[in-house]
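[1] Return a 3D structure for these sequence lines:
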Amino acid sequence: MEKRKPNDLSPEQCLSVDTDTLCKMLCCGRHTAVQIGDLAHARITMNSRVLWSVQRIKEYLYEISC
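    Reported below is the predicted structural model:
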């Protein structure tokens, strides 16, 4: 299996991010980032790889902040 190449886009420009990038975006730990992602229904699973929908995360955070 080939190693993934890092992309040059900021996380806000991506449609989806991995869990480590989600942690950096939210400035929180892995456990909290996964909880937020699950509450936002943002999990995208492809075989064993998990990605998170940035748009759904943003919408959820705006919704709960009001």
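[2] now the longest helix seen in the chain: mean pLDDT?
    If you go by DSSP state H, the chain has its longest helix at helix 54-65. The average pLDDT within helix 54-65 is 96.
[3] Show me what that helix is packed up against.
    helix 19-26, helix 30-39 (3 or more Cβ pairs under 8 Å, 6 or more residues apart in numbering; DSSP states H and E). Where C-beta positions appear, they are placed from N, C-alpha and C, glycine not excepted.
[4] Mind telling me which of these the model trusts least?
    Per-stretch mean pLDDT for these is lowest at helix 19-26 (a mean of 94).
[5] Just the pLDDT for residue 6.
    You'll see residue 6 listed with a pLDDT of 68.
[6] for the one 5 residues further on, same thing?
    With respect to pLDDT, residue 11 scores 70.
[7] coming back round to it: for the helices and strands packed on helix 54-65, give me TSV that also has mean neighbour count and distance to residue 54.
    Converted to TSV, these look like this (neighbours: other Cβ atoms under 10 Å; distance: least, Cβ to Cβ, whole Å):
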stretch	mean neighbour count	distance to residue 54
helix 19-26	16	8
helix 30-39	15	10
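[8] Of all those helices, which one is nearest residue 13?
    Nearest to residue 13 among these is helix 19-26; the distance by Cβ to Cβ comes to 11.6 Å.
[9] Leaving out the residues flanking it, which one is nearest to residue 15?
    residue 54 (6.4 Å; Cβ to Cβ, 6 or more residues apart in numbering).
[10] so can I have TSV of the helices and strands packed on helix 54-65 showing distance to residue 10?
    TSV is the format used below for the helices and strands packed on helix 54-65 (distance: least, Cβ to Cβ, whole Å):
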stretch	distance to residue 10
helix 19-26	9
helix 30-39	17
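[11] who wins for proximity to residue 58 among the ones you listed?
    helix 19-26 (9.4 Å).
[12] what's next to that closest one, contact-wise?
    Where contact means Cβ atoms under 8 Å, 6 or more residues apart in numbering, the residues beyond helix 19-26 that reach it are 11-12, 14, 17, 29-30, 32-34, 36-37, 50, 52, 54, 57.
[13] and that helix, C-alpha only, in CSV?
    This file holds the C-alpha atoms of helix 19-26, laid out as CSV (Å, rounded to 0.1, in the frame of the first residue of the first chain):
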residue,chain,number,x,y,z
THR,A,19,-9.4,12.3,12.2
ASP,A,20,-6.0,13.9,12.9
THR,A,21,-6.8,16.9,10.8
LEU,A,22,-10.2,17.2,12.4
CYS,A,23,-8.5,17.3,15.8
LYS,A,24,-6.4,20.2,14.6
MET,A,25,-9.3,22.0,13.1
LEU,A,26,-11.3,21.8,16.3
